[in-house]
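[1] Any chance you could fold what I've pasted below:
(3 chains)
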Amino acid sequence: MIGTLLNSSAQSLASKVAEEATSVSDFPMIPALILTPLIGAIIIALIPRSRSDLYKQIAVITSVITSAFSIAMLVAFNTEDSGYQFVIDQPWISDLGISLHFGVDGISLFLVVLTGVIFPIALLGAKVDHDPKPYYGWLMVLMAASMGVFSSLDLVLFFAFFELVLVPMYFLIGLWGHSNRVYAATKFFLYTMLGSAFMLVGLVSLAVLNARAMGGPITFDLVEIAKNQAISVTAGRWIFCAFAVAFAVKVPLFPLHTWLPDAHTEAPTAGSVILAAVMLKLGTYGFIRFGLDLFPEASHWAAPVMMTLGVIGIIYGAICATMQKDLKRLVAYSSIAHLGFIVLGVFAFSVQGLEGSILIMVNHGISTGALFLLVGWIYERRHTRQIAELSGLQKVAPIFAGVFTLVMLSSIGVPGLNGFPGEFLVLLGSFASARWWGVVAVSGVILAALYLLWAYQRVFHGPVTEPNKGFRELRLTEGLVIAPLLFLIVFLGLYPKPMLDRIEPSVERLLAHVDAEVDGFELREVKFVAPLPGEVDAGHSEAGKTEAGHTEAGKTEAGHTEGKP
Amino acid sequence: MLALNETWYLVLAAMIFTIGSVGLLTRKNPLVMFMCVELMLNAVNLTFVTFSKALDDIAGQAIVFFVMVVAAAEVVVGLGIIVAIMRRRQGANADDISLMRG
Amino acid sequence: MNLIWLIPCLPLFGFLVLLVAGRKLGDPGAGWWGTGVVAASFLVVVKVFFDLLALPEEERSLTQTLFTWIPSGSFKVSIGFLADPLSILMCLFITGIGALIHLYSIGYMKGDEKFSKFFLYLNLFLASMLLLVLGDNLLLTFLGWEGVGTCSYLLISFWHTDPANASAGKKAFVTNRIGDFGFMLGTFLVWITVGSINYADIGPAAPMIAGGTATAIALLFFLGAVGKSAQLPLSVWLPDAMAGPTPVSALIHAATMVTAGVYLITRLNPIMAQAGWANDVIAWTGAITALVAASIAIAQTDIKKVLAYSTVSQLGYMFLAVGTQTYVAGIFHMVTHAFFKALLFLGAGSVIMAMSHEQDMRKFGNLRKYLPVTFATFMIGWLAISGIPPLAGFWSKDEVLAGAFNAGPAGPVLWFIGLLVALMTAFYMTRVVIMTFFGSEKWRLTDDPHEAAESADLESEDVESSDLVTASVAAADHGDGHDDHHGLSPDHTPQEPHWTMTAPLVILAGLSIFAGAINLPFGSDFKRLEHWLEPTLAYEHELPPVPVLVLLACAAIAVASLGIFLAYLVYSKQKIAVEKIERPVLAHAWYIDETYAKVAGGPGEAGFQGLADFDGTVVDGAVNGVGAGVLGIGNKLRPIQSGLVRSYALGISIGGALLLAFIVTRMNL
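    The predicted structure is shown next:
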């Protein structure tokens, strides 16, 4: 009953909007998303230092406008359409086949919205103590670049935005970060750029090989190359590896992950929030969009390795997180663990796994973004991130502790909150198609509870020691800033259906594409077939087999896909 | 063999070039090094003119003009730098100006 | 018409109101509100119960689907409720006892500064538990499962300024999570095998699951149950959980949360029917846990710890029943145990309150003089748990033992273990009764109010509570933590508590006496519970014939009486030395906790730290090494840039000569 109510109201709203969608889709939504923050950045650059109070306001207004655009895009999104929407396709450097090709589909839609939602919150939630002008300027550039990355459908364009994201982040960490910021910023920049260098080689060779195989002019258009699938298997695998290196550093995937703890710990609060919420998703999004779409065969070939690395990340990240003494570093390692789940889900090649990984991408952004905000506020009050120096905070600041508990439970993946559906779907999907990876990954849920609760216990429970007595309770402004995230944590935990409805068509299209292109892979769906009454006591007989259940040979082989590792 | 053909000119140019390059490599005084560079340039000019005449192509002589202009410009700038350095330190030679070391 | 959704949503609504306005409602307003919503939920349960009764037996199930929760491909899960005999029965005692405990808490938590927060968590707990039993699919059950786990974490660490309490809460959650590993994998396996995780689909499809798969599924879910219901080897969290306020112990650990495991196995009984030797694993685990826990209870000095281990032991009985596929007995014992264990816990809470939060029984004595109502009700609970007819505990325990007796070739062995446990149960409960309510008033003998000195010999080496795994063996010895000092002076006069605390005791006592009536073995008419649960059970193990039953019953009564008599000899008449019985190994719970702490704190923590160090030095070192390598190469190449013009000139000339040579020799001129 509630379900039909919610559904029908959502549908009527959506259809009303869809009627105006024709006029809305004429509106260049994606360029608006990219240009608005850039214009904001330019305005900030032009305002003289005498009016420094304006910087934050302009930044906030700009980001809120962009956020509104992204939500409008969400509302106007057509749930039935599995292809790209809001498409812009203008030739740019036509001699080289590079075009300004933008578009979002179910997979990238929520990443765009997440970016739109997180930036204003990060801006409002964090204080900056010096040089506000370049700070806000760089944040606006970062927002524009992030929007660009998720909506680019041209390889060079994507690469341009991908690299562009690094520059503001470098400055944010290096100028406004904590004690070891220069090392962290340099490491972050060089490491990620090294990976991207491989990607550049890869994408150029991809375009060239594709043009050669198709006999036409060279093109860097993603959609076209994906459709053609013209390059040889070996070439595909090499180029996939090149792309994979870049994305693996970005994710970060074990063992290329060591830039993350340093970058996160040394970054200022806003930087950490955005790094966790948005930038880490570049890697996983890249794997889906460029890995699976462009190189279905190579992704399938590389899947065992990738899933193994993902599972290692889950366990390893959690174990390292347990032993951290710095609260922020702990959260950074927890991000590695969560992203391990995402990678596992992506390479499990099942509907549930892929949908789950996209859900985790968005929900991890929300919860870990909130966590970093909270840790930032702890640092603001106590000027320390060391767990050993914090104690008994729940007694002096119960509301703060309550909010932290909620966010922490979401990060652990407690059902009813947003962390659960994604994690569950990933585990279910990977169990269905790659049994033992799934089994090992489930142990990650134990570890997640362990490190987070132990940290919480040491920081919030226990006696209130002298330096912690003056810990200020959550302010109203801070509460308002984090409130949207808290709302989403609860809402998306209980009702993820609207999200899943929009993700599903694109995911199914992608998996159908993989199914069609890869000989050794077949998409299997587990189905329930109700047994007929006469067969109920047939026991282990042939008749009345459920489609996915095999009664004899192979006790646990039910639903196992052939050709799968 | 004893006819005055291109070979003589080319050999002469080669000898002048060799003298110039050896001088450039072995002398330390910047002014002398410059003179050697001029020698080398002029040897090259001679080679160009010789071939222009021999192959009956005016392009060779046109190039000579370019070379001369460039040589002149280079001398102006280079001498300016040298004089500025020499003024600072008496008896400076090429080995002392090593600020651009890695 | 369909009011099923109200059952969990009323406490949820209570939670939401308390979240917003709890502080305003205050003490005792928040308490009455919390109790009210649960009582209202109870009334709805009663209504649905009668609705079900009105239906013919085969059709006794009502469903209600609210909305789709997680749709993903062919995996589609809804928030839907299934009210069938099993779930409504559980709801009855969950809401009933829940309401009574809420009422009790109004008195118990009076004056606590976090009064409204307590009811906030309690309401959420009840809502989760109701979701657990009412869910029509495995995932919704899991939602409730985790919800109760979370709430028990919040409630156990309620007085969190004491690090031991905080640690106990964390321990409970993490240990539960280990069980959840099994639950999740079981769910996945069910989905792959059956194609659906709705109970309505699993039931008919179960006979076609291959034996091996069914065994795997059964064992995985049993792992979940072991975690949640504190069976060996994951029992370590329950005794520590006594760090929470006593009503929490009563509700969560006696009456509801720990029984979730038994419920789960019972709910999945169609799969269990196919699971072969997994059922033996369940039965034996239950039996051995019961034995070990009972032996530990004999030597505990903290009254709550005795009851905690007693709970573990009685849960062992329930799993014994479930493992022998005598589900009716298991559920029967669950219901009666809920009544008398809650009674005992609340009674203990009453004693503790009266004794200024002292929990060490060696300080009690002769309290029957001061706390008459508590005494009377506690006695009834004592008789019930010891298995003395005609109280409820006798009937249910007997049915469990009877079911075990003829369960296969190992049946008599299991039965005998059960009998031993009954002996020990009677013994330790009598011990508690004698030490607490009879004898001399021992708190008057000492003039040192702080019990630290006495407890010293029972505390293990002081383990730092900020350790990864804290051996909070010492935790509950520390008392409630409500006040940090126990004002138990020799002149202290205990007083009967407020009526909000004694009324529930009386009601529970009544239930403990008469609840046996729901399933008397005197012929089919009296076996009401069995008939009630029949539609939900795919297979029910037949009890032995009546003559055998009578013999077994006599044996049980004899054993119970023997236990009481032995305790009387030791503690009242001092005929047998106490030290002979209360051995240190028992007091230290067979050193299970210490072993875990040693392993986790020692090699476990070292391993983790090693991995973290590995990350910092080796993996990160490789990255920094690359950077250092590049710098090194740069340094090596630097001398080429000597800054000397002449060496550059030399380089140019050599390069030029080589180029010339290359051109001349390679190109055909």
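[2] Only C-alpha atoms from now on, for both contacts and neighbour counts.
    OK.
[3] low-confidence ranges in the stretch 301-450 of chain A?
    Judged by pLDDT under 70, the stretch 301-450 of chain A has no weakly predicted residues.
[4] interface residues of it facing chain C?
    Residues of the stretch 301-450 of chain A found near chain C (C-alpha under 8 Å from any C-alpha of the partner chain) are A:316, A:319-324, A:351-352, A:355, A:392, A:395, A:414-416, A:421, A:425, A:428, A:431-432, A:439, A:442-443, A:445-446, A:449-450.
[5] element containing C:F81, please.
    Assigned by DSSP states H and E, C:F81 belongs to strand C:75-83.
[6] what helix or strand does A:I61 sit in?
    Counting by DSSP H and E, A:I61 is found in helix A:53-76.
[7] distance between that helix and the chain's centre?
    The chain centre lies 20 Å from the centre of helix A:53-76; the measure is C-alpha atoms, centre = their mean, to the nearest Å.
[8] helices or strands up against it?
    helix A:2-26, helix A:29-46, helix A:106-125, helix A:132-151 (3 or more C-alpha pairs under 8 Å, 6 or more residues apart in numbering or on different chains; DSSP states H and E).
[9] what is the rounded mean pLDDT of the very next helix or strand once past that helix?
    Tracing the chain C-terminally past helix A:53-76 and defining elements by DSSP H and E, one meets strand A:85-93 next. For strand A:85-93, mean pLDDT rounds to 88.
[10] Show me what strand A:85-93 is in contact with.
    A:25-26, A:28-30, A:77-78, A:97-105 (C-alpha atoms under 8 Å, 6 or more residues apart in numbering or on different chains).
[11] Count the neighbours of C:G510 for me.
    19 (other C-alpha atoms under 10 Å in any protein chain shown).
[12] how much space between it and C:L391?
    10 Å (C-alpha to C-alpha, to the nearest Å).
[13] Name the surrounding residues that touch the strand holding C:F81.
    Under C-alpha under 8 Å, 6+ apart, the answer for strand C:75-83 is A:352, A:526, C:4-5, C:48, C:61-71, C:134-137, C:139-140, C:196-197.
[14] Please identify the buried residues of it?
    By neighbour count on 16 or more other C-alpha atoms under 10 Å in any protein chain shown, the buried set for strand C:75-83 is C:F75, C:V77, C:S78, C:I79, C:G80, C:F81, C:L82, C:A83.
[15] Stretch C:608-619 now?
    Buried-residue list, stretch C:608-619, by 16+ other C-alpha under 10 Å: C:F608, C:Q609, C:G610, C:L611, C:A612, C:D613, C:D615, C:V619.
[16] filter those by proximity to chain A?
    C:F608, C:Q609, C:L611, C:A612, C:D615, C:V619.
[17] what's the farthest-apart pair in those?
    C:F608 and C:V619 (15.2 Å; C-alpha to C-alpha).
[18] Now do the strand or helix carrying C:F339: which elements does it pack against?
    Using DSSP H and E, C:F339 sits in helix C:327-354. Using 3+ C-alpha pairs under 8 Å, 6+ apart as the contact test, the elements touching helix C:327-354 are helix C:85-108, helix C:246-248, helix C:260-267, helix C:303-323, helix C:372-386, helix C:392-405, helix C:499-514, helix C:528-533.
[19] quick one, that helix and helix C:499-514 angle?
    Interaxial angle, helix C:327-354 versus helix C:499-514 (axes from the mean of the first three to the mean of the last three C-alpha atoms, to 10 degrees): 150 degrees.
[20] How many residues are close by residue 84?
    Since no chain was named, I'll use chain A. By the measure other C-alpha under 10 Å, the count of residues near A:Y84 is 19.
[21] if you could check chain C rather than the one you did, that'd help
    Close neighbours of C:D84, defined as other C-alpha under 10 Å, add up to 22.
[22] The residue nearest to it when sequence neighbours are not counted: what's it in contact with?
    Residue nearest to C:D84 in three dimensions, not counting chain neighbours: C:S61, with 4.3 Å by C-alpha to C-alpha, 6 or more residues apart in numbering or on different chains. Applying C-alpha under 8 Å, 6+ apart to C:S61 gives the contacts C:L52, C:L82, C:A83, C:D84, C:P85.
[23] need the residues you listed in TSV with pLDDT, can you?
    Formatted as TSV, the contacts of C:S61 follow (pLDDT from 0 to 100):
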residue	pLDDT
C:L52	85
C:L82	90
C:A83	88
C:D84	87
C:P85	87
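[24] Tell me which helix or strand the residue most central in space within chain A sits in.
    Nearest to the mean C-alpha position of chain A, counting by C-alpha atoms, centre = their mean, stands A:M361 at 3.0 Å. Following DSSP H and E, one finds A:M361 within helix A:351-382.
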